[in-house]
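# With the input below, show me the fold.
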Amino acid sequence: MSGETEENDNYNWRCDMDDLRICNEVLSDNQIKNIFGGKLNFVWEGDYEVNNQSDLENISGCTLISGSLSISRSSLRTLHGLESLRSVGSLGISYNSQLCDIYALSNLTSAGAISIFGNLRLQDLSGLSNLIESDGLLIDRGDIILNNLLVINGDLRVEARDCRRLEMRNLLMIKDGLFIVDDGNDVGSIQNINLSNLQFIGGGIRIFHQLSLQELNLINLTSIGGTLIISDTSLNNLSGLGSLTLINGDLVISDNSLMTSLQLDSLRIVKGDITINYNNSLSSFLCRDLANRLKCFKGDISIMN
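Below is the predicted model:
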C-alpha cells in the first residue's frame, strides 16, 4: 500500500485511503483504529450528523469531512472525539442544551459556512481559536475571540445575545457583509468590536440595536462595498472608522443617544444617501461639516438631531 504514514509504537504504518475504504467494509471503525493504535486519521466523504455520543465516537480520528457536519439537538456536554478534525465542508452546531464548550475543535483551521446558535450553555467560541478561513459565520451567543482567522468568504453575522466581545484582530477580508444585530427578541449585549486589521469588506456594515456597544475598532478599513448603518448604540464617536474614505452605498447614523462627535475625518465619497438623525447629543453643525467635506456625494441628505 502507498500513501499516508501512521506511526504506532515501533512500527511505521502506510495506508492508502482507497485501501482503507476497502478495509472499512470488512472491519468495524474500532477494529481499524485498534490496528493503528487508536490514532487513525481518515476522511469522511459527504455529510455527517451527530445527535448523540455514539455518533460522535464513530468519527473520532477524522481529519476531514468533505460535506457538512451537523451537531444538533443532542445532550452532549463536549465534542470530545473531534480533536483530529482540521477541515470541514460546513459546520452547524445548534440547540444542544448541555453543550458547554467546543474545545475539541481546536485543530480546525478551515471550514465552509459555520453556524452556531441555540446552545444555551455555550459561553465562548475559544475552541475555534485556530480557525484561519471560513465561508461565513453566523453566531448568536458567547464571546467571539478568533484572532487566527484571516478570511471570511461570505458574511459575518452576529445576533449578539449574551455576547460581550467580538475580537478578530488579524482578520483581513470579509467578502460580503458585516451584521451585528439583535435576535429580534433581546437588545444586543456586545460591548466591544475589534476588527482592527480588517482591510476589505465587499458588502455593507450594519450595527443595530446594540445598546451596550461602547467600542468599535475597524481602524484599517478604508472602503465599504455597500451601506454603512450605525444605529441604536452607546458609541460616543466613530473614531474606529477614522481611516474610512469610501462608502459605496448609503450612510446612516441614527438613534445613538451618547454620540457627541463623528470623527470620520478621512471620509470623502458616499455614493448613496446620507441620513444622520436622532443622535440627541450630536451637533447638527458637525454633521453638516461632514457633508461639506465630501468630494463626491450622489444622494440625498437628511440631518435631524
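# what's the closest non-adjacent residue to Arg77?
Gln98 (5.0 Å; Cβ to Cβ, 6 or more residues apart in numbering). Just so you know, the C-beta spots here come from the backbone N, C-alpha and C atoms, and that holds for glycine as well.
# Am I right that the one you found is in contact with Ser75?
Yes. Gln98 lies in contact with Ser75 (Cβ atoms under 8 Å); the separation is 5.1 Å.
# In three-state terms, label Phe285 for me.
Under DSSP: H, G, I helix; E, B strand; the rest coil, Phe285 falls in the helix class.
# Now do the contacts for it.
With contact set as Cβ atoms under 8 Å, 6 or more residues apart in numbering, Phe285 has no partners.
# Tell me how far it lies from Ser261.
11 Å (Cβ to Cβ, to the nearest Å).
# before we move on, the earlier item: quick one: contacts for the residue nearest to Arg77?
Residues in contact with Gln98, defined by Cβ under 8 Å, 6+ apart, are 74-77, 121.
# Can you tell me which one of these carries the smallest pLDDT value?
Least confident by pLDDT among those: that is Arg121, with 92.
# What is the burial count for the nearest residue to that residue once chain neighbours are set aside?
Using Cβ to Cβ, 6+ apart and skipping residues adjacent in sequence, the residue nearest Arg121 is Cys100, 5.1 Å away. Around Cys100 sit 13 other residues, with neighbours defined as other Cβ atoms under 10 Å.
# do you know how far Cys100 is from Asp182?
For Cys100, the distance to Asp182 - Cβ to Cβ - is 24 Å.
# show me what contacts the closest residue to Tyr278 other than its chain neighbours?
Spatial nearest neighbour of Tyr278, chain neighbours left out: Asp255 (4.9 Å); criterion: Cβ to Cβ, 6+ apart. Taking Cβ under 8 Å, 6+ apart, we find Asp255 in contact with 231-232, 277-279.
# Kindly state the pLDDT recorded for Arg288?
Per-residue pLDDT puts Arg288 at 89.
# Wasn't it part of a helix?
Yes. Judged by three-state DSSP, Arg288 forms part of a helix.
# That one against Ser302, yeah?
No. Between Arg288 and Ser302 there is no contact under Cβ under 8 Å: 11.5 Å.
# If you rank every helix and strand of this structure by mean pLDDT, what lands last?
Ranking every helix and strand in the chain by mean pLDDT, DSSP states H and E puts strand 11-15 at the bottom, with a mean of 37.
# how would you label the residue nearest the centre of the chain: helix, strand or coil?
For the chain, Leu137 is the residue whose C-alpha lies nearest the centre (Cα atoms, centre = their mean; 3.8 Å). Following three-state DSSP, we place Leu137 in the strand state.
# can you map out the helices along the protein?
17-24, 29-35, 53-58, 284-293 (DSSP state H).
# Mind telling me which of these the model trusts least?
helix 17-24 (a mean of 44).
# ok, which stretches of the stretch 1-150 of the chain are strands?
4-8, 11-15, 42-44, 48-50, 62-72, 87-94, 110-117, 133-139, 144-145 (DSSP state E, counting those that start in this stretch).
# With Gly204 as the reference, name the closest of those strands.
strand 133-139 (15.0 Å; Cβ to Cβ).
# Count residues in the vicinity of Glu49, would you?
Neighbours of Glu49 under the rule other Cβ under 10 Å: 12.
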